[in-house]
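Asker: build me a structure from this.
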Amino acid sequence: MEPASEKISARPATMADLPELGDLLRLLFTQEADFQPDHARQESGLRLILTQPEVGIILCATAGTQLAGMVSLLYTVSTAEGGRAAWLEDMIVRPDFRDQGVGQSLLQAAITAGRAAGCTRITLLTDADNAPAMRFYGRAGFQRSNMVPLRLALGKEG
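Answerer: Model (predicted):
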């Protein structure tokens, strides 16, 4: 796919975007250390967000009619902040659209959406060895936290 010379813009995703969003997540989860692509799980998660706006929003970056990237903003409540907060997840730009401002456009759209939703903070996770991502988010004002993420997988009990 050739990069479009058209202006990059960001918009909320729709159910019609589901197949391409799934493709983007497959790409993302082949790059992240903690996750593996699983089409059924990713589609289920995407559907939950798309059909429940109170859960969050998925934003797409487009160049003309081409989907160039995506980001998810998921809402929660922070007692520390005394209000709504957000998790920025699933930020991915197609390789042929990188270094063209797509990521910056998506990140700015997510920050704007977070403010519009009344969020007081956006938190994100990135792989510890992903220095380019840390520089990218740092340029946007994100700061490294003293908090360390821990995870417990809750499998389905039979």
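Asker: show me the beta-bridge partners of the closest residue to Asp17 other than its chain neighbours.
Answerer: Take Asp17 and drop its neighbours on the chain: the residue closest to it by Cβ to Cβ, 6 or more residues apart in numbering is Cys60, 5.9 Å away. C-beta coordinates here come from the backbone N, C-alpha and C atoms, glycine included. Assessed by DSSP bridges, Cys60 has beta-bridge partners Arg11, Met70.
Asker: distance of the residue most central in space within the chain relative to Ile58?
Answerer: Centroid-nearest residue in the chain: Val71, 2.7 Å away (criterion: Cα atoms, centre = their mean). Look at Val71 and Ile58: by Cβ to Cβ, to the nearest Å, they are 7 Å apart.
Asker: spell out which residues are contacts of both of those two.
Answerer: Asp90 (Cβ atoms under 8 Å, 6 or more residues apart in numbering).
Asker: hmm, back to that, wait, the residue nearest to Asp17 sits on Gln66?
Answerer: No - Cys60 is beyond contact range of Gln66, at 10.1 Å (criterion: Cβ atoms under 8 Å).
Asker: where in the protein is pLDDT low?
Answerer: Residues of the chain meeting the criterion pLDDT under 70: 1-5, 157-158.
Asker: right, I'll leave it there.
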